[in-house]
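Student: Here is my input, please return the structure:
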Amino acid sequence: MSKLYSPESAASGVEQVLRLLEGRWKLIILFHLFDGKVQRYSDFEKLIPGISQKMLAQQLRQLEADGIVSRKVYPQVPPKVEYRLTEWGQALCPALDAMLKWAEKREV
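Tutor: Numbers count the residues shown, from 1 in each chain. Sure, this is the predicted structure:
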């Protein structure tokens, strides 16, 4: 059953969502993980050339802490670390697709 929102509670909910996704790179990282894709840290460095290593690590840690991205470390040398969307993170895909479609409708 869906929650009923008042204007105040809706504004508060949107603010919470924006806090989860704030940051210049988080949405770009998420788009590279959609459709069940698995990426390694080095993959992100190639896919997002403008991001620094420090910022990439920070954004991935925040997404992991918020339960949007999962991180799997393989016990080998050199270390192998993979990132993927959690089930909850994958549920974000339709909302972000809708945002893209909404942006296409803008008349410039």
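
Student: now the helix or strand bottoming out on mean pLDDT in the chain, how far from the centre of its chain.
Tutor: Using mean pLDDT, DSSP states H and E, the weakest-scoring helix or strand in the chain turns out to be helix 7-21, at a mean of 85. Here helix 7-21 is found 16 Å from its chain centre; the criterion is Cα atoms, centre = their mean, to the nearest Å.

Student: end to end, how far does stretch 76-93 reach?
Tutor: In terms of Cα to Cα, to the nearest Å, the two terminal residues of stretch 76-93 are separated by 32 Å.

Student: which of the residues in that stretch are buried?
Tutor: Of all the residues in stretch 76-93, those buried under the rule 16 or more other Cβ atoms under 10 Å are 83, 85-86, 89-90, 92-93. (Glycine included, C-beta is placed from N, CA and C.)

Student: export the residues you listed to TSV and tack on pLDDT, distance to residue 25 and secondary structure?
Tutor: Formatted as TSV, those follow (pLDDT from 0 to 100; distance: Cβ to Cβ, whole Å; DSSP: H, G, I helix; E, B strand; the rest coil):
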residue	pLDDT	distance to residue 25	secondary structure
83	98	13	strand
85	97	15	strand
86	96	18	coil
89	95	15	helix
90	94	19	helix
92	92	15	coil
93	91	18	helix
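
Student: what's the spacing between the residue sitting nearest the centre point of the chain and residue 6?
Tutor: Within the chain, the residue whose C-alpha comes closest to the C-alpha centroid is residue 30; the distance, by Cα atoms, centre = their mean, is 3.4 Å. For residue 30, the distance to residue 6 under the criterion Cβ to Cβ, to the nearest Å works out to 29 Å.

Student: and if you look at residue 55?
Tutor: 37 Å.
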